[in-house]
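S.K.: Build me a structure from this.
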Amino acid sequence: MNSGQMLTSVLGEKSGYLRGQGIGAKPPRKRGLSQIDVDAQVSEIEKKMEVKMKETVEEKLKEQKIEIERTVQEMVNEKVAEILATLVKQVISSSFKFRNED
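M.R.: Here you go, the predicted structure:
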């Protein structure tokens, strides 16, 4: 234990200077974050943001897929309706021709 540590342990710390060392000597900061702490927090926030962004993108892709499937189904239904209408007209036309020939 050095003399500064002994003074601190005997006399205690006072905000702004070390006792017995004068105003110029500052005690180590207790509340401050070290660069390692800051880096760890930044890394954690980046990971959370990455997960959230991935979830958001996946959700939007799912919504787009559903919308595309709905649009395709509507197009298929419309085309089927057109084909059926054409077939019905052809059948009716054929049946009239068949009746007229009798």
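
S.K.: in what helix or strand does residue 58 lie?
M.R.: In this structure, residue 58 sits in helix 35-101 according to DSSP states H and E.

S.K.: What's the mean pLDDT across that helix?
M.R.: When pLDDT is averaged over helix 35-101, the result is 92.

S.K.: now residue 42: how far from residue 80?
M.R.: 56 Å (CB to CB, to the nearest Å). Where you see a C-beta, it was placed from the backbone N, CA and C, and this is true even at glycine.

S.K.: returning to that earlier point: just checking, what packs against the helix holding residue 58?
M.R.: Counting contacts by 3 or more CB pairs under 8 Å, 6 or more residues apart in numbering; DSSP states H and E, helix 35-101 is packed against no other helix or strand.

S.K.: Begin at 27 from now on, thanks
M.R.: Sure, I'll start numbering at 27, so the last one becomes helix 61-127.

S.K.: what about residue 62, how many neighbours?
M.R.: Neighbour count of residue 62, defined by other CB atoms under 10 Å: 8.

S.K.: quick one: contacts for it?
M.R.: By CB atoms under 8 Å, 6 or more residues apart in numbering, no residues touch residue 62.

S.K.: what's the distance between it and residue 71?
M.R.: Between residue 62 and residue 71 the distance, using CB to CB, works out to 15 Å.
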